[in-house]
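> okay, sequence plus prediction incoming.
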Amino acid sequence: MCTSCPEADRLPDTSELQFRDMTPEEERAFTYALDCLRTWAAQLSAGADKLSDRAADARPMTPRQIAKDRFQMVDSLAHAMQLGFVR
């Protein structure tokens, strides 16, 4: 768990979760979340097809930059999904 994260950003303890069948509403929400992930993946793939294959065009990134970029990507997706649930 992240020790430098604010308390509100910490993940809940899931060690005592019980498995059960999802309600229809939960199933719709889960399907929506998966649809969002697949749509975003397709958008990333389409964008990747437009990028250069030339190594000379590459921009080196530090491990910290890569991690922050990945965090931002996941955070943006989570935010977009939250907005979709609020509709």
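Good, I have the coordinates. Numbering: from 1, shown residues only.
> center of the protein - which residue?
What sits nearest the mean C-alpha location of the chain, by CA atoms, centre = their mean, is residue 74, with 3.0 Å.
> if I look at that residue, how far off is residue 22?
Residue 74 is 23 Å from residue 22, where distance means CB to CB, to the nearest Å. C-beta: built from backbone N, CA, C; applies to glycine.
> is the residue nearest to the centre of the chain within a helix or a strand, and which one?
helix 63-86 (DSSP states H and E).
> does residue 53 count as helix, strand or coil?
coil (DSSP: H, G, I helix; E, B strand; the rest coil).
> next: residue 22.
Classified using three-state DSSP, residue 22 is coil.
> how about it, nearest residue that isn't a chain neighbour?
residue 30 (6.5 Å; CB to CB, 6 or more residues apart in numbering).
> tell me what angle the host helix or strand of the one you found forms with helix 63-86.
Using DSSP H and E, residue 30 sits in helix 24-49. Counting by axes from the mean of the first three to the mean of the last three CA atoms, to 10 degrees, helix 24-49 lies at 140 degrees to helix 63-86.
> no further questions, thank you.
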